[in-house]
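Enquirer: Following is a predicted model, sequence given first.
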Amino acid sequence: AKRRAPDYTAYEEDRERVEGDTRILKTAMADLYSKGHTKLTMASDAMHEFRTMYNKGVEGRRCPFNTDFPKLPADKDGLIRCAYKGGWTYVSEKWKGKDLFMVSVFDVNSMYPAQMKYRRLPYGLPYEREKPVGDELFIVEFDCVYELKEGKLPMIQKKGSFRSVQAEYSRKSEGMEHLVLTSVDYKLFKEQYEVVSEQNHKYTCFRSREGMFDEYIDKWMVEKERCSMNGDSAGKATAKRFLNSLYGKFGENPVRESKTPKMVEGVVSWDSESSETDGGYLPIACFITAYARDWIVRTAQVFGDDFVYADTDSIHCLNAWRGEYDGKIETDPVKLGKWKWESLAYRGRYLRPKTYMHLCEMDVGKSKNGMKVARQVVVCGGMPDECKLNVDWWNFRNGAMYEGKLMGKQVVGGYLLSETTFNIRISD
């Protein structure tokens, strides 16, 4: 970037560049507006469209959407939020930090939309029972002592670790622990762990059914396939966003925090203020993510010692390229909810969740010193792209430091970016 003095005058080339960037944004927004997507965010557009479909012209407070997805009391939302977790991200202890060869990567075709279409999901106001009846969906809070079974993968996330890049999972409870789980997670918990003791169960139950999202999911899956066949990459990206962003609106927290800027001795600071909105119908988002975790953990178990890594909707494993797992997982390149063969890395190294490196197939036409070079894929949570230019197979290790990171801070007169390093630090 150019350094510009306070009295800098913009040149024609600067104006053209800014106008060009602005035109691209204008074209994209005009396309969305022409299709009726006029909300401030795509997630809001997705919710508006689903709500319209679900109500089918019925208006007022007694419309189906308001009846099936009501505003929850604050105490119930708070309880369910304790069971609301993200994707399962885990590196096998056997392969962590080791140099691996021929790593296969499988992705689920639209993981969360698949759960929305094929699974029973909750609706209506929750109710308490002494014990669930039949296959009722429920949230259970209880106290327990547990330890991971031999050959099983951990799935109980440690308290507080969901806020960090490096998610951690419990192998053994620290004395009597208090857990809050969905019925989906609870069933998996009993299969993965030896439960020494459990007590003080409290159940919050839901009515449930399939098919609530069929019309919405089917529409955008057809649109995604149509755009893919016609080479419309922008349209395909829009369809994917509509498929993936709806569930998150159901998980919106009713407590919002807004920030108001103010100037203090020439430096910008912020005043925070909390307010309450209707939020989303959290049970939907809670069970969608629970089903997704259940699916990926169970699939990872299928690979046994060949399982290497998982992240939300993808699994990395060894020996799949030999055909050893053909028929053991359902694969299809496009079908909703099926596993798709994504790539094959001939070398891989996994340091921690969201921190790994692949050397993939040779890039045709690229060479270094007259020799072909591999395509290098670096995934590292929090690492800027500029730092990744300094990463290679030999220096991608725990404790490594890379130049290229910019750290910002508020100063008198504006915001200062200063150069620093990015460090990979992995706790034991």
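Expert: Structure's in. What do you need?
Enquirer: send the alpha carbons of whatever helix or strand residue 101 lives in over as PDB?
Expert: Assigning secondary structure by DSSP states H and E places residue 101 in strand 99-108. Extracted in PDB, the C-alpha atoms of strand 99-108 (Å, rounded to 0.1, in the frame of the first residue of the first chain):
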ATOM      1  CA  ASP A  99       4.100 -36.900   9.100                       C
ATOM      2  CA  LEU A 100       1.400 -38.800   7.200                       C
ATOM      3  CA  PHE A 101       1.100 -40.000   3.600                       C
ATOM      4  CA  MET A 102      -1.900 -40.400   1.300                       C
ATOM      5  CA  VAL A 103      -4.600 -38.600   3.400                       C
ATOM      6  CA  SER A 104      -8.100 -38.800   2.000                       C
ATOM      7  CA  VAL A 105     -10.500 -35.900   2.700                       C
ATOM      8  CA  PHE A 106     -14.300 -36.500   2.600                       C
ATOM      9  CA  ASP A 107     -16.900 -33.700   3.000                       C
ATOM     10  CA  VAL A 108     -20.700 -34.000   3.600                       C
END
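Enquirer: strands paired with it, and their directions?
Expert: Note on strand 99-108: by DSSP bridges, its sheet partners are strand 314-318 (antiparallel), strand 339-352 (antiparallel).
Enquirer: between those, which gets nearest to residue 52?
Expert: Closest of the strands paired with strand 99-108 to residue 52 is strand 339-352, at 31.3 Å (criterion: C-beta to C-beta). For the C-beta atoms, the positions are set from N, CA and C on the backbone; glycine is no exception.
Enquirer: The closest one: how far from the chain's middle?
Expert: With C-alpha atoms, centre = their mean, to the nearest Å as the basis, strand 339-352 stands 18 Å off its chain's centre.
Enquirer: again, but for stretch 168-188
Expert: Taking C-alpha atoms, centre = their mean, one finds stretch 168-188 lying 21 Å from the centre of the chain it belongs to.
Enquirer: What lies in contact with that stretch?
Expert: Contact with stretch 168-188 is made by 79, 82-83, 85, 90, 132, 136-148, 154-158, 161, 189, 197, 286-287, 290-291, 293-294, 297-298, as judged by C-beta atoms under 8 Å, 6 or more residues apart in numbering.
Enquirer: What mean pLDDT does it get?
Expert: Here stretch 168-188 scores 95 as its mean pLDDT.
Enquirer: Identify each buried residue in that stretch, please.
Expert: Neighbour counts over stretch 168-188 (16 or more other C-beta atoms under 10 Å) mark 168-170, 173, 179-186, 188 as buried.
Enquirer: Pull the most distant pair out of the residues you listed.
Expert: Between any two of the buried residues of stretch 168-188, the greatest separation by C-beta to C-beta is 24.0 Å, found for 168 and 183.
Enquirer: and of the strands paired with strand 99-108, who's closest to residue 257?
Expert: Comparison of the strands paired with strand 99-108 against residue 257 by C-beta to C-beta identifies strand 339-352 as nearest, at 29.7 Å.
Enquirer: Now the buried members of the contacts of stretch 168-188.
Expert: With burial judged by 16+ other C-beta under 10 Å, the buried subset of these is 79, 83, 85, 90, 132, 136-142, 144-146, 148, 154-157, 189, 286-287, 290-291, 293-294, 297.
Enquirer: so of those residues, which ones are in strands?
Expert: Counted as lying in strands by DSSP state E, out of the buried ones among the contacts of stretch 168-188, are 90, 137, 138, 139, 140, 141, 142, 144, 145, 146, 148.
Enquirer: The strand of greatest length in the chain pairs with which strands?
Expert: Across the chain, the longest stretch assigned as strand under DSSP E is strand 193-209. According to DSSP bridges, strand 193-209 has the following sheet partners: strand 121-129 (antiparallel), strand 137-148 (antiparallel).
Enquirer: Which residue ranges of this protein form helices?
Expert: Secondary structure of the chain (DSSP state H): helices at 12-34, 42-55, 64-68, 74-83, 111-118, 183-192, 214-229, 233-250, 282-302, 385-388.
Enquirer: picking that back up, let me have the strands paired with strand 193-209 in TSV, extended by mean pLDDT and distance to residue 274.
Expert: Shown next, in TSV, are the strands paired with strand 193-209 (pLDDT from 0 to 100; distance: least, C-beta to C-beta, whole Å):
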stretch	mean pLDDT	distance to residue 274
strand 121-129	96	25
strand 137-148	97	25
